[in-house]
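1. Sequence first, then the predicted structure, then my questions.
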Amino acid sequence: MIQPLVDLLAFNHWANLTLFDACLGLSDDQLDTGIPGTAGSIRELLMHIAVAQHALVARANGEQRSARGVWSSFDELLATLRSGNDALISLSGSLGDDPEIEIEREGRLYRFPRSFYVTSASWHGAEHRTEIRLTLARWA
């Protein structure tokens with residue numbers, strides 16, 4: 001296990017949970033609000049943050065998986081977020097010599113070390129958490 005990656009994932013998970021908790025009391029209208037320049041509404045971004053963790057783990061294993069999901073409830077979303085974080089931590093423990101993975105996307109072949117997907121989860125989460133905070137600031 002690469003401890004700095006585990007620490008990075010632990011921080012990412014804490015930040016995600018803190019943001020999700022802040023959004024629990026939002027109305028449907030607020031959840032469905034987005035602002036120009038962001039990747040979607042608060043609801044879409046929360047779903048994407050949770051589901052994308054699983055997509056990154058799949059990609060690190062050479063598989064394609066969508067980073068989009070369907071909203072059902074906050075409880076299910078939090079379960080998806082937690083299981084995605086657990087999968088990322090498990091992946092960080094199996095990196096070993098960090099082999100490269102080949103992924104084909106839109107007709108092109110890409111090669112990345114497996115650790116790329118683990119570290120991408122943190123960057124990805126930070127980007128979308130920022131978009132949600134900007135949207136929330138609209139009501140401040």
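-> Structure's in. What do you need? A quick note: this is a predicted structure, and the numbers were derived from the prediction, not measured.
2. Mind checking the pLDDT average for stretch 16-25?
-> Average pLDDT, stretch 16-25: 95.
3. residues contacting Val51?
-> Shown in contact with Val51 (C-beta atoms under 8 Å, 6 or more residues apart in numbering): Ser66, Ala67, Arg68, Gly69, Thr80, Gly84. Using the backbone N, CA and C atoms, a C-beta is placed for each residue, glycine as well.
4. Does it fall in a helix, a strand, or a coil region?
-> Following DSSP: H, G, I helix; E, B strand; the rest coil, Val51 is assigned to helix.
5. how much space between it and Phe74?
-> Computed as C-beta to C-beta, to the nearest Å, the Val51 to Phe74 distance reads 14 Å.
6. Quick one: residues in contact with the lowest-mean-pLDDT helix or strand in the chain.
-> Using mean pLDDT, DSSP states H and E, the weakest-scoring helix or strand in the chain turns out to be strand 100-105, at a mean of 88. Residues outside strand 100-105 that contact it (C-beta under 8 Å, 6+ apart): Arg59, Ala60, Asn61, Gly62, Gln64, Leu109, Tyr110, Arg111, Phe112, Pro113, Arg114, Tyr117.
7. Equivalent analysis for stretch 55-62, please.
-> Residues outside stretch 55-62 that contact it (C-beta under 8 Å, 6+ apart): 64-67, 84, 87-88, 91, 101-103, 114, 116-118, 120-121, 124.
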